[in-house]
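Asker: Sequence and predicted structure, then a few things I'm wondering about:
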Amino acid sequence: MSIVNTTTSATDLLAEFRHKQGGAAGGSNELGKNEFMELMIAQLKNQNPLEPQSNGEFIADLAQFSSLEEMQNLSSSVDSVVGEFRSTQALQASAMVGKSVLAPANFGVLDQSGEMTGVVNVPASTGGLTVSIQNSQGELVRQLDLGQSEAGQKAFSWDGKDGNGNSLPPGRYSVVAQGRYPEGMEQLETLMSANVDSVSLGKGGGITLNLAGMGSIALSDVQQIN
């Protein structure tokens, strides 16, 4: 075994350690507190007895070890806090099951109640606001005239009937909102109302709401809880 001179510290052995670890099958280049301690012990065993490591150098190595241990403990604490936060989020989100939420969408679901509701985001006052309802074939089945509207959110409701007063079957219907401005007609964003069937927690901690007839959306996409 070779002798390590006085200028060699635990950190000087890091390169050799990583080289050996990287060369091994499946080796890791990460230096944890256990590997750091092994390097320090190896240094003490192999130092030149005629020129032993000074107290100052040894204290410096201990300080590095202590700092590394504190960082790893801090990382574990942060991971624990993040885990608890995600669990709390999931618990809070589960309370939304059965409730109705508003989320950005260009379609809605006409359920057995025979009503479909939503909101139009109006960026600026408009002289004429309309909401067109289309069936799955893209055919216009009803147009709602909401009249003049100030900037803000304008709620609307469709009774599930066509222009002749005939009730249409439940299902998914497209929604197109338009506002009349000096430059012409402008398509506007719509938020549709839907019931929350269930809540899913993704591998990365993201929370997803599964909406009746509308699929899944991220919890962050919810604009309003009714």
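Answerer: Noted; the coordinates are in hand.

Asker: got the domain boundaries for this structure?
Answerer: 11-93, 100-225 (automatic domain parsing).

Asker: quick one: which of those has the weakest pLDDT on average?
Answerer: Across the domains of the chain, domain 11-93 has the smallest mean pLDDT, namely a mean of 60.

Asker: How many residues are close by Ser220?
Answerer: Number of residues near Ser220 (other Cβ atoms under 10 Å) recorded here: 7. Using the backbone N, CA and C atoms, a C-beta is placed for each residue, glycine as well.

Asker: swap in Asn164?
Answerer: Neighbours of Asn164 using other Cβ under 10 Å come to 7.

Asker: try Phe107
Answerer: 18.

Asker: how close does the closest residue to it other than its chain neighbours sit to Gly108?
Answerer: Among residues not flanking Phe107 along the chain, Ser174 sits closest, at 4.9 Å (Cβ to Cβ, 6 or more residues apart in numbering). To Gly108, Ser174 is 8 Å away according to Cβ to Cβ, to the nearest Å.

Asker: Settle it for me: which of the two has more neighbours?
Answerer: Under the criterion of other Cβ under 10 Å, the comparison of Ser174 against Gly108 puts Gly108 first, with 23 against 18.

Asker: what packs against the host helix or strand of the more buried one?
Answerer: Per DSSP states H and E, Gly108 falls inside strand 107-110. The contact analysis (3 or more Cβ pairs under 8 Å, 6 or more residues apart in numbering; DSSP states H and E) places strand 107-110 against strand 116-122, strand 171-181, strand 190-201.

Asker: What helices and strands are in contact with the last one?
Answerer: Taking 3+ Cβ pairs under 8 Å, 6+ apart as contact, the helices and strands that strand 190-201 lies on are helix 55-94, strand 100-104, strand 107-110, strand 116-122, strand 171-181, strand 207-211.

Asker: Please apply the same query to the second one.
Answerer: If contacts are counted by 3+ Cβ pairs under 8 Å, 6+ apart, strand 171-181 sits against strand 107-110, strand 116-122, strand 126-134, strand 184-188, strand 190-201.

Asker: quick one, which of those strands is nearest to Ala93?
Answerer: strand 190-201 (4.6 Å; Cβ to Cβ).

Asker: strand partners of the closest one, parallel vs antiparallel please.
Answerer: Its sheet considered, strand 190-201 pairs with strand 100-104 (antiparallel), strand 116-122 (antiparallel), strand 207-211 (antiparallel) by DSSP bridges.

Asker: Show the subsequent helix or strand relative to the last one.
Answerer: Scanning the chain past strand 207-211 towards its C-terminal end, the next helix or strand to appear is strand 215-218 (assignment: DSSP H and E).

Asker: mind putting the helices and strands packed on strand 171-181 in TSV, distance to Arg142 included?
Answerer: Formatted as TSV, the helices and strands packed on strand 171-181 follow (distance: least, Cβ to Cβ, whole Å):
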stretch	distance to Arg142
strand 107-110	11
strand 116-122	10
strand 126-134	4
strand 184-188	17
strand 190-201	15
